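*Asks:* Okay, predicted coordinates and the sequence, questions at the end:
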Amino acid sequence: MKDLVAYITTGYPSLDFSVDLAMSLKEAGVDTIELGIPFSDPVADGPVIEEANLRALNGGFKMKHLFEVSKRIAPNIDTLLMGYFNPFYHIGIEKFIKHAVDNGISGFIIPDLPYEEAKPYKPQIEKSNLVLIDFIAPTDPKNRIEKIVKNSKKFIYLVAYAGITGAKRQESLERVISDIREFSNTPIYVGFGVNEQSAKEKAKGVDGVIVGSAFIKILLDDRLNYSQKISKISKMASNIKSKINE
């Protein structure tokens, strides 16, 4: 059974909505929640997730809200905190680790912290039985892939293409998947550009997919009310989970 990871933006349109959406996604078959930390300059994300970040921040999101929401979600579904390094650095990685340990969060995804720069932090995180998810891009050469994945845990985040999330792009991943498999038995999950139409194709040869922008587009649709957004996102999640396991 291939896994589905769902990214959601913490605190938009409200803290309770984030919790209710996570619980509904669990019922729809989602295996892991990627709880996004709103940030003013999300460099790896496309305009859809960027807009959700800005709306959350303009709505008064504070870091304390991340901890409140994740504390309610993590005991019920596997939860990773996803954010850019600035908040981790500003607040202190130790505080994030303590919160994660105390509340059942399994680890962190930090897209602007490359392998080399993560070295001072990864042992500290793993000492607390948490994970720091490793990224592989299709442009990475084989010798770099070997270094990154040989100690990867939980899953390897394979970026489907060079660029930002939500773009309608496609690159052949056969070579990079083969290289990863040569050096690691850790599951490979593909992210970037995964939606209902692309999920089945993107899931070929890997162990799961990560979906963000496709869900957040619905989140931003002001024509829908609270329950309609949750229902529509959850239905899409259920469809994607079925497609990747056909």
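*Replies:* Yep, that arrived.

*Asks:* So for the chain, the centremost residue is which one?
*Replies:* Nearest to the mean C-alpha position of the chain, by C-alpha atoms, centre = their mean, lies Glu34 at 4.0 Å.

*Asks:* Shouldn't that residue be within a strand?
*Replies:* Yes: inclusion of Glu34 in a strand is indicated when DSSP: H, G, I helix; E, B strand; the rest coil is applied.

*Asks:* Now do the contacts for the closest residue in space to it that isn't next to it in sequence.
*Replies:* Closest residue to Glu34 apart from its sequence neighbours, by C-beta to C-beta, 6 or more residues apart in numbering: Tyr7 at 4.2 Å. In this view, the C-beta of every residue, glycine as well, is placed from N, C-alpha and C. Going by C-beta atoms under 8 Å, 6 or more residues apart in numbering, Tyr7 touches Glu34, Gly36, Ile49, Met82, Ile210, Val211, Gly212, Phe215, Ile216.

*Asks:* Format those residues as CSV; extra columns: secondary structure and distance to Ser198.
*Replies:* Listed next are the contacts of Tyr7 as CSV, based on DSSP: H, G, I helix; E, B strand; the rest coil; distance: C-beta to C-beta, whole Å:
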residue, secondary structure, distance to Ser198
Glu34, strand, 18
Gly36, strand, 21
Ile49, helix, 17
Met82, strand, 21
Ile210, strand, 12
Val211, strand, 10
Gly212, coil, 13
Phe215, helix, 14
Ile216, helix, 16
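
*Asks:* Quickly name whichever of these is closest to Tyr89.
*Replies:* Met82 (15.4 Å; C-beta to C-beta).

*Asks:* so what's that closest one bridging to?
*Replies:* Met82 has these beta-bridge partners by DSSP bridges: Gly36, Ile109.

*Asks:* Let me know whether it touches Ile37 as I believe.
*Replies:* Yes: contact criterion C-beta atoms under 8 Å: Met82 and Ile37 qualify, at 6.6 Å.

*Asks:* The longest strand belonging to the chain to strand 32-36, inter-axis angle?
*Replies:* Secondary structure of the chain per DSSP state E: the longest strand is strand 3-9. Strand 3-9 and strand 32-36 are oriented at 20 degrees to each other (axes from the mean of the first three to the mean of the last three C-alpha atoms, to 10 degrees).

*Asks:* in the following helix or strand past strand 3-9, what's buried?
*Replies:* With elements assigned by DSSP states H and E, the helix or strand that comes after strand 3-9 is helix 15-27. Under the neighbour-count criterion of 16 or more other C-beta atoms under 10 Å, helix 15-27 has Leu15, Phe17, Ser18, Val19, Asp20, Leu21, Ala22, Met23, Ser24, Leu25, Lys26 buried.

*Asks:* correct me, but the second one touches Tyr226?
*Replies:* Read that as Phe17. Yes: between Phe17 and Tyr226 there is a contact at 6.3 Å, judged by C-beta under 8 Å.

*Asks:* what sits against Ile125?
*Replies:* Taking C-beta under 8 Å, 6+ apart as the contact definition, Ile125 lies against Ile93, Ile97, Gly107, Phe108, Val131, Leu132.

*Asks:* Neighbour-wise, which one of those leads?
*Replies:* Counting neighbours by other C-beta atoms under 10 Å, Phe108 comes out on top of those with 25 neighbours.

*Asks:* all helices of the protein, in order?
*Replies:* For the chain, applying DSSP state H gives helices covering 15-27, 47-58, 63-73, 85-91, 93-103, 115-118, 122-127, 142-149, 174-183, 199-202, 213-219, 226-244.

*Asks:* Okay, angle between the first one and helix 47-58 too, please.
*Replies:* The reference is to helix 15-27. 140 degrees.

*Asks:* any idea of the mean pLDDT for helix 15-27?
*Replies:* Mean pLDDT, computed over helix 15-27, is 98.

*Asks:* Can you tell me how far Ser18 is from Phe61?
*Replies:* 10 Å (C-beta to C-beta, to the nearest Å).
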